Structure formats: structure tokens, C-alpha cells
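> fold the following for me, if possible:
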Amino acid sequence: MIDWPLERDLERSRQAASEARRRIARFVRHTPLLERGGDPRRLLKLETLQHTGSFKIRGAAAAITAGPAPTRIIAASTGNHGLAVAAMARSLALPCSVFVPAGAAAAKLARLREAGVELIELEGDPLAAELAARRLADETPGALLVPPYNDPQVILGQATLGLELLEDAPRAPDALFVAVGGGGLISGVALALRERWPDCRIVGCLPEASAAMADAVAAGHVVDSRLAPTLADATAGNIEPGAITVPICAALVDRFELLGEQEIAAAMALALHEYRLQIEGAAALALAASLRVHAPGETHLIVLGGANVGAETLRAIGQSGRGDRARRGDHR
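From the prediction side, this is the model:
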């Protein structure tokens with residue numbers, strides 16, 4: 001049981017992350033670091049090669065294996081988290097219900113349907129889906145709600161990515177770039193790394209169109225942020241009131257960078273054409289933020305969190321790299 005604020009005892013939290021890592025080892029891949037030269041030097045953490053195509057399987061596996069086996073799994077997701085929860089439910093032969101906002105990316109909704117989950121589409125943003133999932137879990141005996149970010153075990157699962165970075169990076173980088181939606185990934189990674197890499201700048205990367213975490217940290221609490229469509233759909237939406245990721249980000253993240261749609265599209269195009277990597281818009285946030293920095297001699301570690309991008313978006317990125325044209329592919 002996690003009975004302490006994760007950000008207040010980093011050593012204890014890192015030990016808990018190590019325990020989660022052992023528990024979920026059979027469900028996740030230890031993904032590689034890919035070095036790309038240049039100045040600054042860039043190391044890319046390829047969660048694009050993770051099961052279900054994103055880092056989300058880490059948190060889902062940690063939460064589902066933390067206690068007694070549930071009778072049903074319930075989640076809310078814009079796509080990637082739902083795919084991870086569905087994969088875990090299938091592995092454990094458990095029924096699964098996933099709530100999704102109606103505007104979620106078409107490619108991810110199609111994969112969720114193929115996974116055989118009960119898919120419940122709701123009007124509103126991802127927060128509305130999260131609250132509806134919580135209500136159903138409260139009403140269903142034996143059900144386990146697996147939140148996308150607002151849960152200690154989910155955060156500790158994401159922290160296992162940070163533990164891999166500690167093992168695989170040749171030395172502490174000058175800066176670490178991580179995409180931010182609800183903050184589960186950057187919270188976990190920062191918990192794992194902050195004390196071991198004290199001089200590394202931890203940079204949270206958000207779309208200008210959905211900057212909920214940056215707004216929450218600036219205000220000192222969750223606020224209702226203005227939202228607009230974005231290529232980085234996996235980071236879109238407001239944050240659940242009282243989310244434990246807000247104080248973690250406030251304590252451990254050095255700064256936030258807000259990226260425009262053209263920058264996101266350009267980073268996706270760069271990854272595709274120069275790195276030969278397919279990355280989704282949320283993953284491109286981290287790369288785009290690094291590309292802003294002109295710091296000769298530095299090393300940047302960039303977490304590429306997912307590869308689940310629709311065919312139309314990918315084709316548009318490949319042809320032009322223009323954010324407005326690409327965005328129409330996944331948000332029709």
C-alpha cells in the first residue's frame with residue numbers, strides 16, 4: 001500500500017518503483033535508447049516499441065497487479081491507456097470496459113474495438129470520461145478502476161521507464177524531455193531520476209492547445225484550462241480535481257514548454273524522414289521541445305512515448321509536415 005506522498009520520500013518511492021518493475025516484468029519490454037548525433041546530442045527512449053505501442057502498459061500493469069485479482073477492469077482513455085488496459089485484461093482473461101471521449105483519435109478507437117473491450121463513448125473531454133468510469137467502478141462489486149494517471153501504482157509503473165534510463169544512459173543528460181497530459185509519465189520518471197540526476201533539467205512538454213498541467217502548477221491547483229484540437233491528442237484534456245500528479249510535477253519538474261501545432265508536426269516529420277521512426281503527436285512534443293534548444297555540447301534525453309498515429313495523419317505528415325492538414329486526419 002502506498003501511504004505517503006510520492007514526491008516527499010524519493011528513496012522510498014524509487015524502491016516501490018523497483019518492486020513494481022519486478023511485478024510487471026512479464027508484461028512489458030525494456031525498450032532501447034537510440035542515439036542520434038548532432039549538437040546537442042540526442043538520446044531517444046523508444047517506447048514506440050513497447051507493447052500496445054506506448055508507455056501506458058507500464059502503469060496499467062502495475063495497477064492491475066498491485067492487489068487481489070479484480071472481477072472486472074474499468075478505465076477511461078483517449079486511446080493509449082485503453083489499449084494498455086485492454087491488453088492486460090486479455091492477458092488475465094478479465095472483462096474490460098473503457099470509456100472514451102467522442103473526439104478521440106479514430107485509429108485508436110478502431111484498435112480498442114478490435115481488442116474486444118466494451119467501448120463506451122461519451123460527449124465531452126477526457127475528464128468527463130474519467131469521472132464516468134469512476135462512477136461505474138464504484139457501482140460494480142469487485143471491479144478495479146485503472147486511472148490513466150491519478151493513481152500511485154500507475155505512476156510507479158511509469159517510473160519503471162526512469163529506472164531503465166538510469167541503467168542505460170551512459171551518463172546523466174543535461175536535459176530530459178517528457179510529454180505531459182495528466183502527468184503520470186513525467187511524475188514517475190521524475191520520481192525515479194531526480195535524486196540520481198540532480199543536475200538534469202526535467203522539462204515537461206505540452207501542446208499550447210491543451211496546457212492543463214502547466215496551468216495547474218502555475219495556479220497551485222487544478223484549474224479549468226482552455227482546450228483546442230491538437231495533434232498531441234494523447235495529452236489533451238483537463239485534469240481530474242485533486243490529481244496527485246500536480247504536486248509531484250510542482251516539486252520535481254524544472255519547467256514546462258508549450259508547443260504549437262506546426263512544431264509538433266515538424267517534429268513528427270523529422271522523426272519519420274530523418275530518424276525513420278513513426279511517432280504520434282504526443283511523443284513529438286518531447287522532440288519538438290528539444291529542437292527549440294540551441295545548446296552546443298549538451299546531451300538531451302527524449303522520451304518518445306508512443307507510435308499510435310492514424311494512417312491519414314501519418315500520410316499527411318509524410319507529404320507536407322503541416323500541422324493543420326495532418327490534424328484533420330485524426331479528428332474528423
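
> what is the burial count for residue 220?
As a burial measure, residue 220 scores 10 neighbours (other C-beta atoms under 10 Å). All C-beta spots, glycine's among them, are computed from the backbone N, C-alpha and C.

> measure it to residue 64 for me?
Per C-beta to C-beta, to the nearest Å, residue 220 is found 32 Å from residue 64.

> same deal with residue 309?
On the measure of C-beta to C-beta, residue 309 and residue 64 end up 26 Å apart.

> now residue 79: closest residue in space that isn't a chain neighbour?
Nearest residue to residue 79 in three dimensions, chain neighbours excluded: residue 108, at 2.7 Å (C-beta to C-beta, 6 or more residues apart in numbering).

> also residue 238?
In space, residue 238 is closest to residue 127, 4.5 Å off (C-beta to C-beta, 6+ apart).

> what does residue 111 give?
Residue 111 sits nearest to residue 83 (C-beta to C-beta, 6+ apart), 5.8 Å away.

> these two touch, right, that neighbour and residue 52?
Yes: using C-beta atoms under 8 Å, residue 83 is in contact with residue 52, at 4.3 Å.

> quick one: end-to-end distance for stretch 84-101.
Across stretch 84-101, the terminal residues are separated by 17 Å (C-alpha to C-alpha, to the nearest Å).

> just for the stretch 201-332 of the chain, where's the confidence low?
Along the stretch 201-332 of the chain, segments meeting pLDDT under 70 span 320-332.

> strands of that one, start to end?
Taking DSSP state E, counting those that start in this stretch as the criterion, the stretch 201-332 of the chain carries its strands at 201-207, 255-259, 299-304.

> follow-up on the earlier one: so which of residue 83 and residue 52 has more stuff around it?
Using other C-beta under 10 Å, the more surrounded residue of residue 83 and residue 52 is residue 83, with 27 against 24.

> quick check: that one vs residue 206, distance?
Look at residue 83 and residue 206: by C-beta to C-beta, they are 22 Å apart.

> also residue 102?
Taking C-beta to C-beta, one finds residue 102 at 23 Å from residue 206.

> of those two, which one has the most company?
Taking neighbours as other C-beta under 10 Å, residue 102 and residue 206 compare with residue 206 leading, 28 against 12.

> does that one touch residue 260 like I think?
No: contact criterion C-beta under 8 Å: residue 206 and residue 260 do not qualify, at 11.0 Å.

> now do the longest helix anywhere in the chain: distance to the chain's middle.
Criterion DSSP state H: the longest helix present in the chain is helix 152-168. Distance of helix 152-168 from its chain centroid, counting by C-alpha atoms, centre = their mean, to the nearest Å, is 12 Å.

> list the helices and strands that helix packs on?
Contacting helix 152-168 under the criterion 3 or more C-beta pairs under 8 Å, 6 or more residues apart in numbering; DSSP states H and E are the following elements: helix 10-24, strand 41-46, helix 56-64, helix 184-193.
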